[in-house]
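Student: Here is my input, please return the structure:
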Amino acid sequence: MILIEGVARHYPWGDPTAIPSILGKPADGRPWAEWWLGTHPTGPATLSDGTPLKATAGELPYLLKLLAAARPLSLQTHPDAQQAATGFEREELAGLGVDDARRIFRDPYAKPELLCALTSFDALCGFRPLADTEALLRDLGLTKLATKLRSAGLQAVVTELYRGLVDHREVSAACRRHHSPAAQLVNSLSDTYPDDPSVAVTLLLNRVQLRPGQALFLGPGNLHAYLRGVGVEVMGASDNVVRGGLTDKVIDVDQLLEILRFEPLPQPVLSAAEDHAGKWRYPSPAAPFELWRFEISGAMSHTATGRELLVCTEGDCAVLCHGDAAYLAPGETVAFDGQGTVFRVAEQ
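Tutor: Coordinates of the predicted model:
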């Protein structure tokens, strides 16, 4: 087992204290949005002597993060492997540098994601079942939009909102007269983004409030936005994000509409299965990773099945303490002892 150092990301939506508290570092006044553990070239983890993790582990197919959102992130989706490869090649041929602000496809890889909540976590994830959305729109007095959803379908409504064929300002104005959670979210977002149709699109999405230990799996084409909370996130080793709004970053509605999967997601919340005593596994279908949560109380051993990363988010487990992260080589065994929570990411 080799201890490793992550890379901090100080995005404006980050929380100034949550990640430093987990890592045992003093808050420095900056927003700590993410802490990256992996070999992605834009934020490679290192060993304690500064050697890149990649020199020991090779290129990992996943990226592990701590994430702390103090305010909403952008409304976004991620491409599948074919879409990522095509988009990357197109932007390479256009001569856009990888760090160009206009760049969307920064690598040719898919980016499935899984987030496990460490605190109460508020998010929008996937399209709500159509009958539920229609009922919500009618309750808000948006009868015409509800009728259009029933007659023309989800893709038509989303497209017309983004193209301006349905006036998103009328949707926001209708929400001002109501106090439901969905309306209050629209009211809050429209104060910051009054000209953004994504504010109205949020009414079509599942509002999810995770308890600690619950998770979300975000496959390609899933429209989502994290609103507030702290979690452990693992994803394919990609930085490809296609944004539709709720951000000052580059937005590409054409790409968004091309990549989105206009299918309701009736059950967005994942619960872990305790496959072994104290070892909880989160399902991640068709992803290059699997995430486990180890709840350690006393002695526990683990043998790596492949190239693995560990991060201790709570307690003291002898070989790992609160805020420590480590790399395990295939076949390597680690013996925990004490009380704490360790997240394990493995190849799948």
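Student: Would you state the helices of this protein in chain order?
Tutor: 18-23, 53-57, 81-93, 130-139, 143-152, 154-163, 168-175, 181-192, 198-201, 253-259 (DSSP state H).
Student: Same list, these, but as TSV with mean neighbour count and mean pLDDT please.
Tutor: (Each C-beta comes from the backbone N, C-alpha and C, glycine too.) Output for these, formatted as TSV (neighbours: other Cβ atoms under 10 Å; pLDDT from 0 to 100):
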stretch	mean neighbour count	mean pLDDT
helix 18-23	21	98
helix 53-57	17	98
helix 81-93	16	95
helix 130-139	16	98
helix 143-152	15	97
helix 154-163	18	98
helix 168-175	19	96
helix 181-192	17	97
helix 198-201	26	98
helix 253-259	17	97
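Student: My guess is Gly245 contacts Asp195. True?
Tutor: No. Using Cβ atoms under 8 Å, Gly245 is not in contact with Asp195; the gap is 9.6 Å.
Student: between those two, which one's more packed in?
Tutor: Here Gly245 and Asp195 are set side by side on neighbour count (other Cβ atoms under 10 Å), and the busier one is Gly245, at 24 against 9.
Student: Could you check how many residues crowd around Gly97?
Tutor: Applying other Cβ under 10 Å, I find that Gly97 has 11 neighbouring residues.
Student: need the contact list for the residue nearest to it when sequence neighbours are not counted.
Tutor: Distance criterion Cβ to Cβ, 6 or more residues apart in numbering; nearest residue to Gly97, sequence neighbours excluded, is Arg103 at 7.2 Å. Arg103 makes contacts with Glu91, Leu96, Gly97, Val250, as judged by Cβ atoms under 8 Å, 6 or more residues apart in numbering.
Student: Mind putting those residues into JSON lines with distance to Lys279?
Tutor: Below are the contacts of Arg103 laid out as JSON lines (distance: Cβ to Cβ, whole Å):
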{"residue": "Glu91", "distance to Lys279": "41"}
{"residue": "Leu96", "distance to Lys279": "44"}
{"residue": "Gly97", "distance to Lys279": "43"}
{"residue": "Val250", "distance to Lys279": "41"}
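Student: The residues you listed: which two are farthest apart?
Tutor: Gly97 and Val250 (13.7 Å; Cβ to Cβ).
Student: And Val342, how far from Gln214?
Tutor: 18 Å (Cβ to Cβ, to the nearest Å).
Student: typo on my end, Ala174
Tutor: 32 Å.
Student: Model confidence score at Arg102, please.
Tutor: What the model reports for Arg102 is a pLDDT of 87.
Student: ugh, wrong one, Arg106
Tutor: 89.
Student: begin at 26 from here
Tutor: OK, 26 is where the count begins now, so the last one is Arg131.
Student: okay, now it: neighbour count?
Tutor: Around Arg131 there are 22 residues (other Cβ under 10 Å).
Student: hang on, it packs against Asn265?
Tutor: Yes. Using Cβ under 8 Å, Arg131 makes contact with Asn265 at a distance of 6.1 Å.
Student: where does this structure have low pLDDT?
Tutor: The chain contains no residues with pLDDT under 70.
Student: can you do 90?
Tutor: Residue ranges of the chain with pLDDT under 90: 66-67, 123-127, 131, 264, 296, 310-311, 373.
Student: returning to what we had before: which neighbours do Arg131 and Asn265 have in common?
Tutor: Shared contacts of Arg131 and Asn265, counting by Cβ under 8 Å, 6+ apart, come down to Phe113.
Student: how many neighbours does Arg306 have?
Tutor: Count around Arg306 with other Cβ under 10 Å applied: 16.
Student: ok, what's across the strand from it?
Tutor: Note on Arg306: beta-bridge partners by DSSP bridges are Ala298, Trp317.
Student: Tell me which residues touch it, please.
Tutor: With Cβ under 8 Å, 6+ apart, Arg306 has these contacts: Ala297, Ala298, Glu299, Asp300, Glu315, Leu316, Trp317.
Student: Most neighbours among the residues you listed, which one?
Tutor: Leu316 leads these on contacts (other Cβ under 10 Å) with 27 neighbours.
Student: and the gap between that one and Ala109?
Tutor: For Leu316 relative to Ala109 (Cβ to Cβ), the value is 21 Å.
Student: Now for the residue lying closest to Gly261 once chain neighbours are set aside: which residues touch it?
Tutor: Excluding the flanking residues, the one nearest Gly261 by Cβ to Cβ, 6+ apart is Lys136, at 4.9 Å. By Cβ under 8 Å, 6+ apart, the residues touching Lys136 are His103, Pro104, Ala109, Pro245, Met260, Gly261, Ser263, Asp264, Asn265, Val266.
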